[in-house]
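# Sequence and computational prediction follow.
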Amino acid sequence: MCHFVPKLKEALLVLATKPMSGSLFDEAVESIRKVLEAAECSLWSINRNLTEKSNPGDDKNPLSTSLLSRSVDVDYNFKKKTDFVYNLKKSFFGEVLKSVPNEYYLCGKEDVAMHKHKSMEFVDALGLTDFIVIPITDIYEKDKIVAIFEISYRRSSIDDDGWQKCTPIIKAFFSTAFHRNSVLLNDNLQKVYSKYDGGKLQTFYYNLINKELKEFFDYQGASFFIWDSYSNKFAPIATTDSNMDLNNPYYFYSKGEESTGWVGEKGKPIITDKICIDKCKWVEKTKNKAKTSMIIPIKHPANQSDVIGILRFLNKKNKCAPKVIDYFNEIDLKLVQSYAKYLSLIIYYDSKEEDQINQISKMAHEFKTPANAIFKSADRLLESIEYDDEDWLKKNLRNYLVNIADFSQIQRWQAETMLYSTRKQQHRTKYKTKKCSLRKVLKRSVDIVRPIVREEGVSFDNIVIHHPKKDADIFLQVDEEAFVIAFYNLLTNAIKYHDSDHPESFHVDVWYEDSDDVVEILVEDYGIGMDNKDKEAVFQMGYRGERAMSRNATGFGVGLSVAQQIITDFGGVIFVKSTRNPTSFEILLPKTIKS
């Protein structure tokens, strides 16, 4: 028996030093069969489901096993699906996984027959009598079985001592090979990416899922999503479905929406064989009905809690029988996750310019509204100058001038908001602090939004400032201009997102009072509101919630972020107290702000 060991080591060492390729597993399986003089050798992956309710890496309940490579010493036509993919429940391999103590499992034909092994016809045709099953473990998680190597004999001449020496060599080779495959994917795709410049990245993304990844594991459908800061959704950037319009907002996914959005929100992968197409928003068009899926998040290179992309795959093909729908597994998962780390750098680099374009587009849209109003008022003024009736001119001239002044003021405060949004650090030295009347700050903010109220067609009188004690005031040591900006943005939000179907319901209440500990300010409105999931996110720069996106309101999502920054810079906090009917923002300022 001893002469097998050095030959096995030598054969696998030669393969271990070769560059990885798609045929390496085939070469390894064939080499082992020849060295050990077996009738048949095969390599099988172990497949598990990772769903929304499971933890990635869960070892329990392996689902199925899939053929990765097979070598036989006679011609035999494998026809059945179960020759390539089969369920582990009550199967031969399933029982082996339960009983194998450590290194290998040795049995005879009786055990295979008792457990209804999927290849009994093959066993009889080749006259196989002895079977050795070797579990292949993850290179980093030694207690996790990711694959099975099976060796079949007509009559084995290798004893237990021989298998105790051969098994560790085979296990080590394949555990390492699966890891090397991930490294190879990174290396190959870096070379592929280097062929593209900024103007051809769309081609790179398309080739990534339609060609490059398929060389490592094949599938019928796939899509690649990237976080779009303009729509606050994951937008498809490339797909295998040629009939899909990538610009159609229907194909975008919000965070938490279905399984794809869940991956984007939670940052956890999903592998499943349970796809209910009737309940899906959409799936890629595939030759067979969607049965198996793998969805993987791509995380921000500097912030692992932030998902910036998603890769989604449907209906894996079996490597040895491409017509057979296979199951995705953790080998595939780790392969893509390894590359996702590199891909995240590409997305991040590429998206920075895209984010800037999106922000500029939003800013242009935001500034366009008051600019148009100024133009229209000025145009009417020019026309009126040529009007013959001096009484009519005197009567209307003031209104036109007020409009021009009002909208010019709005544009000024929008510009100030943008300037404050660039202050990334909390430096109070940037503020000009003085004793200010809170009532005056609030009244100035209300006066500024007057033209916006008029344009929206709601009642200005429905913006009311309250205090428990009539005419009472609170004096604060703050930057008055900064606090005017903060409340201007809170009020603007309330006005823009009023219920346009019921304009009579528009109402904004601003309450303020002080106690021994804090100054409390509450801004309430009865508009379209927000979803609970948006309570924290609305303070993020550039974020607009689902309800806000449903309205064609101007805005580029910096107002609440600026308000929060100013308030926290002065030691206060702002949070969403109620999401709807009313939508209320509460501000708490420390008592020291009064001194």
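Received, thanks.
# isn't residue 108 right next to residue 132, touching?
No - contact criterion Cβ atoms under 8 Å: residue 108 and residue 132 do not qualify, at 10.9 Å. The C-beta positions use only the backbone N, C-alpha and C, and glycine is treated the same way.
# between the two, who's got more neighbours?
residue 132 (22 against 12; other Cβ atoms under 10 Å).
# How much space separates that one from residue 577?
67 Å (Cβ to Cβ, to the nearest Å).
# Which strand or helix spans the residue nearest the centre of the chain?
If you average the C-alpha coordinates of the chain and look for the closest C-alpha using Cα atoms, centre = their mean, you land on residue 264, 2.6 Å from that point. Counting by DSSP states H and E, the secondary-structure element that holds residue 264 is helix 258-266.
# Put the alpha carbons of that helix into PDB.
Extracted in PDB, the C-alpha atoms of helix 258-266 (Å, rounded to 0.1, in the frame of the first residue of the first chain):
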ATOM      1  CA  GLU A 258     -38.300  41.500  -1.500                       C
ATOM      2  CA  SER A 259     -35.200  39.300  -1.100                       C
ATOM      3  CA  THR A 260     -33.000  41.500  -3.300                       C
ATOM      4  CA  GLY A 261     -33.800  44.600  -1.200                       C
ATOM      5  CA  TRP A 262     -33.400  42.600   2.000                       C
ATOM      6  CA  VAL A 263     -29.800  41.700   1.000                       C
ATOM      7  CA  GLY A 264     -29.200  45.400   0.300                       C
ATOM      8  CA  GLU A 265     -30.600  46.400   3.700                       C
ATOM      9  CA  LYS A 266     -29.100  43.700   5.900                       C
END
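# quick one: buried residues of that helix?
Residues of helix 258-266 classed as buried under the neighbour-count rule (16 or more other Cβ atoms under 10 Å) are 259-265.
# so what does it touch, helix or strand wise?
Applying 3 or more Cβ pairs under 8 Å, 6 or more residues apart in numbering; DSSP states H and E, one finds that helix 258-266 makes contact with strand 219-228, strand 233-239, strand 270-272, strand 293-299, strand 307-318.
# Which strands or helices does the third one pack on?
It refers to strand 270-272. In this structure, strand 270-272 packs against helix 258-266, strand 293-299, with contacts taken as 3+ Cβ pairs under 8 Å, 6+ apart.
# how does the chain divide into domains?
The chain is divided into the following domains under automatic domain parsing: 4-188, 196-355, 423-594.
# rank those by mean pLDDT and give me the bottom one.
The stretch with the lowest mean pLDDT among the domains of the chain is domain 423-594, at a mean of 80.
# How far does that one sit from its chain's centre?
31 Å (Cα atoms, centre = their mean, to the nearest Å).
# what does stretch 136-146 give?
Its chain's C-alpha centre and that of stretch 136-146 lie 28 Å apart, by Cα atoms, centre = their mean.
# can you list contacts of it?
Counting by Cβ atoms under 8 Å, 6 or more residues apart in numbering, the neighbours of stretch 136-146 from elsewhere in the structure are 43, 45-46, 57, 59, 62, 97, 135, 147-149, 170-171, 174-176, 178-179, 329-331.
# Now the terminal residues of that stretch, how far apart.
Criterion Cα to Cα, to the nearest Å; first-to-last residue distance in stretch 136-146 is 6 Å.
# Now that stretch: buried residues?
Within stretch 136-146, the residues that count as buried by 16+ other Cβ under 10 Å are 136-139, 144-146.
# now swap in stretch 270-278 and tell me
For stretch 270-278, the buried set under the neighbour-count rule, 16+ other Cβ under 10 Å, comprises 270-273, 275.
# surely residue 296 meets residue 336?
Yes - under the criterion of Cβ under 8 Å, residue 296 is in contact with residue 336, at a separation of 5.2 Å.
# hey, what's in contact with both of the two?
With contacts defined as Cβ under 8 Å, 6+ apart, the residues shared by residue 296 and residue 336 are residue 311.
# Run a quick neighbour tally on the closest residue to residue 437 other than its chain neighbours.
What sits nearest to residue 437 in space, not counting adjacent residues and going by Cβ to Cβ, 6 or more residues apart in numbering, is residue 473, at 5.5 Å. The local packing of residue 473 (other Cβ under 10 Å) involves 12 other residues.
# and what of the one 4 residues further on?
Per other Cβ under 10 Å, the neighbour tally for residue 477 reads 13.
# Start the count at 775 instead of 1 going forward.
Right, with 775 as the first residue, what we last looked at is residue 1251.
# That one: which element?
Counting by DSSP H and E, the secondary-structure element that holds residue 1251 is strand 1249-1252.
# ok, and what's touching that strand?
Contacts to strand 1249-1252, defined as Cβ under 8 Å, 6+ apart, come from residues 1205, 1207-1212, 1215, 1257, 1293, 1344, 1363, 1367-1369.
# for stretch 1337-1353, same thing?
With contact meaning Cβ under 8 Å, 6+ apart, stretch 1337-1353 is reached by 1194-1195, 1197, 1200-1202, 1205, 1252-1253, 1256-1257, 1259-1261, 1263-1264, 1296, 1298, 1303-1306, 1308-1309, 1312-1313, 1357-1364, 1366-1367.
# Show me just the buried residues among those.
By neighbour count, with 16+ other Cβ under 10 Å, the contacts of stretch 1337-1353 hold 1194-1195, 1205, 1252-1253, 1256-1257, 1259-1261, 1263-1264, 1296, 1298, 1303-1304, 1308, 1312-1313, 1357-1363, 1367 as buried.
# Residue 1231 touches residue 1278, doesn't it?
No - proximity of residue 1231 to residue 1278 does not meet the contact threshold set by Cβ under 8 Å, at 10.6 Å.
# Sort out for me which of the contacts of stretch 910-920 are in strands.
Among these, the ones falling in strands (DSSP state E) are 817, 819-820, 909, 921-923.
# and which of those is nearest residue 983?
The closest of the ones in strands among the contacts of stretch 910-920 to residue 983 turns out to be residue 819 (Cβ to Cβ; 21.1 Å).
# The closest one: neighbouring residues, count only.
A total of 25 residues lie near residue 819 under the criterion other Cβ under 10 Å.
# same check, this time on the one 3 residues further on
Other residues lying near residue 822 total 23 when counted by other Cβ under 10 Å.
# Kindly report the same for residue 1003.
Under the neighbour criterion other Cβ under 10 Å, residue 1003 is assigned a count of 23.
# same thing with the one 10 residues further on?
Taking other Cβ under 10 Å as the neighbour definition, residue 1013 ends up with a count of 23.
# Enumerate the beta-bridge partners assigned to it.
Assessed by DSSP bridges, residue 1013 has beta-bridge partners residue 997.
# if I look at it, how far off is residue 1058?
From residue 1013 over to residue 1058 (counting by Cβ to Cβ), the distance is 6 Å.
# joint contacts of these two?
995-997.
# Those residues into TSV, with extra columns for neighbour count?
As requested, the shared contacts of residue 1013 and residue 1058 are exported to TSV (neighbours: other Cβ atoms under 10 Å):
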residue	neighbour count
995	20
996	22
997	26
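# Could you dump those residues into a markdown table and include distance to residue 824?
As requested, the shared contacts of residue 1013 and residue 1058 are arranged in a markdown table below (distance: Cβ to Cβ, whole Å):
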| residue | distance to residue 824 |
| --- | --- |
| 995 | 19 |
| 996 | 18 |
| 997 | 19 |
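# ok, so of these, who is nearest residue 1240?
Sorting the shared contacts of residue 1013 and residue 1058 by how near they are to residue 1240, with Cβ to Cβ, puts residue 997 at the top with 51.4 Å.
# my read: the closest one touches residue 1012, true?
Yes - in this structure residue 997 lies within contact range of residue 1012 using Cβ under 8 Å: 7.1 Å.
# overlap in contacts of these two?
Common neighbours of residue 997 and residue 1012 (criterion: Cβ under 8 Å, 6+ apart): residue 983.
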